[in-house]
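S.K.: I would like to see how this sequence folds:
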Amino acid sequence: MLQTKDYRIPTYQIPDIEVGQLTKEYFQKNGFRQPLIIKGRLEDLELQVPPKECKMSDIAFRVGANYPIKVIEVGRQQQHEGWTIGQYAKYVYT
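M.R.: Here you go, the predicted structure:
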């Protein structure tokens, strides 16, 4: 039974950063290996995201179907090497 187990949830210190400090140079210097708490308005990040109508096949077309990617099978937490974005786009639609 879960109730009889002694589960310990690890505590993490998640750094926070002001939206104005979140720059390309920040990531080049610090990398992105852990979550961040971003303080400020998300609109101020000036992110460019594809429209909702954008499909994986559109992305594959724009970057090139032979562009190599890493695929993670979430359920098994297993990484699969050797995939291209074109192969993944076909997989998504099957």
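S.K.: Now do the same contact list for P68.
M.R.: 82-85 (C-beta atoms under 8 Å, 6 or more residues apart in numbering). From N, CA and C alone the C-beta is placed, and that goes for glycine too.
S.K.: Filter the residues you listed down to the buried ones and hand me the PyMOL line.
M.R.: Buried members of these, identified by 16 or more other C-beta atoms under 10 Å, are gathered into one PyMOL selection as follows:
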select buried, resi 84+85
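S.K.: want to try a markdown table for the contacts of P68, with secondary structure, pLDDT and distance to M56 as columns?
M.R.: As requested, the contacts of P68 are exported to a markdown table (DSSP: H, G, I helix; E, B strand; the rest coil; pLDDT from 0 to 100; distance: C-beta to C-beta, whole Å):
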| residue | secondary structure | pLDDT | distance to M56 |
| --- | --- | --- | --- |
| G82 | strand | 93 | 18 |
| W83 | strand | 94 | 12 |
| T84 | strand | 95 | 12 |
| I85 | helix | 95 | 8 |
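S.K.: Identify each buried residue in stretch 87-94, please.
M.R.: So for stretch 87-94, counting by 16+ other C-beta under 10 Å, buried means 87-89.
S.K.: what's the answer for stretch 58-71, then?
M.R.: Buried, per 16+ other C-beta under 10 Å, within stretch 58-71: 60, 71.
S.K.: how long is it end to end?
M.R.: Stretch 58-71 stretches 18 Å from its first residue to its last (C-alpha to C-alpha, to the nearest Å).
S.K.: List phi and psi for N30.
M.R.: Reported as degrees, to the nearest 10, the phi and psi values for N30 are phi -100, psi -20.
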